[in-house]
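dropping the sequence and predicted coords here.
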Amino acid sequence: MCRNIKTLHNFEPPASEDEIRAAALQFVRKLSGFNAPSQANAAAFNLAIDEVAGAARKLLGSLHTHAAPRDRTVEAEKVRERSRARFG
């Protein structure tokens with residue numbers, strides 16, 4: 001699993017287009033094995049990013065939950081605290 005892909009569902013404010021696209025980019029990079037594609041593969045690579053981002057957008061728009069939305073700043077602080085505990 002790509003460690004850089006963040007959970008985007010059930011946050012306040014909702015995931016931005018940039019966050020969705022960044023997650024799609026990481027996913028396509030992982031699948032293809034390319035950090036940056038060659039010119040011959042650039043069109044296919046970019047199309048895959050667009051399609052994955054579209055699928056992610058559709059998924060996030062259709063998910064429902066009864067849980068209260070999580071606050072991004074609180075969740076970010078939890079991550080920083082875990083990192084401090086792990087790495088000192």
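Received it, and whenever you're ready, just let me know what you need.

could you list the paired strands of the helix or strand of the chain with the lowest mean pLDDT along with their orientation?
Every helix and strand in the chain was compared by mean pLDDT, DSSP states H and E; the lowest is strand 11-12, with a mean of 87. Strand pairing for strand 11-12, determined by DSSP bridges: strand 70-71 (parallel).

average pLDDT for the partner strand, rounded please.
Average pLDDT, strand 70-71: 90.

same deal with stretch 28-36?
The average pLDDT within stretch 28-36 is 93.

so which bits of that stretch are buried?
Val28, Arg29 (16 or more other Cβ atoms under 10 Å). All C-beta atoms are positioned from the backbone trio N, CA, C, and that covers glycine.

ok, back up a step: got a list of contacts for whatever helix or strand comes next after the least confident helix or strand of the chain?
Counting by DSSP states H and E, the next helix or strand C-terminal to strand 11-12 is helix 17-32. Outside helix 17-32, the residues that touch it by Cβ atoms under 8 Å, 6 or more residues apart in numbering are 2, 4-6, 8, 35, 41, 45, 48-50, 52-53, 56-57, 60.
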